[in-house]
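Peer 1: Generate a structure from the sequence data that follows.
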Amino acid sequence: MSMRVREPVSGWLVFAGTILGIAGIMRIFDAIWAFRYDHQIQDGLNGAVLGTNLNTYGWVYLIVGIILIAASFAVLARSQLARWFGIVAAAIAGISAMWWMPFYPVWSLTYVLLAGLVIYALAAYGGRTAEV
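Peer 2: Model prediction:
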């Protein structure tokens, strides 16, 4: 009788799944803020990548947030497809943070750093586990 033993989930994978989920929730909060904000924006968003309409940012951030949360659950479920989905989702998160670089550089760079760490975690530790 052969026994199959699976290795415990790597700490890096838990980190990646958790960060993806938290980033997704934060992006949904960003979307809610963008939809509800009715005051003057700093410099009217002149030079912003997606234009000056906050509703555009709201829809983009809502979609990105949903993708990130879905990727979080998928990564924590631990499948190979989820690994690649998580890498793409983290890349999208990092790119979407760059849009606010002229307005919030420290926060944008922090977001990009976390996205890079998630990509590293999934690329280096998201592979198949050896079965004994």
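Peer 1: So, low pLDDT: which residues of this protein?
Peer 2: Counting by pLDDT under 70, the chain has low-confidence residues at 1-9, 38-53, 128-132.
Peer 1: In it, where's the longest helix?
Peer 2: Longest helix in the chain, counting residues (DSSP state H): helix 11-36.
Peer 1: Show me what that one is packed up against.
Peer 2: Identification of packing neighbours for helix 11-36 by 3 or more Cβ pairs under 8 Å, 6 or more residues apart in numbering; DSSP states H and E yields helix 54-77, helix 80-98, helix 105-125. Where C-beta positions appear, they are placed from N, C-alpha and C, glycine not excepted.
Peer 1: Mind listing what's buried along that helix?
Peer 2: 12-13, 15-17, 19-21, 23-24, 27-28, 30-31, 34 (16 or more other Cβ atoms under 10 Å).
Peer 1: hang on, the earlier thing: format the helices and strands packed on helix 11-36 as CSV; extra columns: mean neighbour count.
Peer 2: Compiled in CSV, these are given as follows (neighbours: other Cβ atoms under 10 Å):
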stretch, mean neighbour count
helix 54-77, 19
helix 80-98, 19
helix 105-125, 17
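Peer 1: Do I have it right that residue 81 meets residue 74?
Peer 2: Yes - judged on Cβ atoms under 8 Å, residue 81 makes contact with residue 74 at a distance of 7.4 Å.
Peer 1: that older thread, and of the buried residues of helix 11-36, the nearest to residue 87?
Peer 2: Ranked by distance to residue 87 (Cβ to Cβ), the buried residues of helix 11-36 are led by residue 16 at 9.2 Å.
Peer 1: Return the residues in contact with that closest one.
Peer 2: Going by Cβ atoms under 8 Å, 6 or more residues apart in numbering, residue 16 touches 75, 86, 90, 117-118, 121-122, 126.
Peer 1: same thing with residue 17?
Peer 2: 72-73, 75-76, 86.
Peer 1: Would you mind measuring from it to residue 118?
Peer 2: For residue 17, the distance to residue 118 equals 9 Å [Cβ to Cβ, to the nearest Å].
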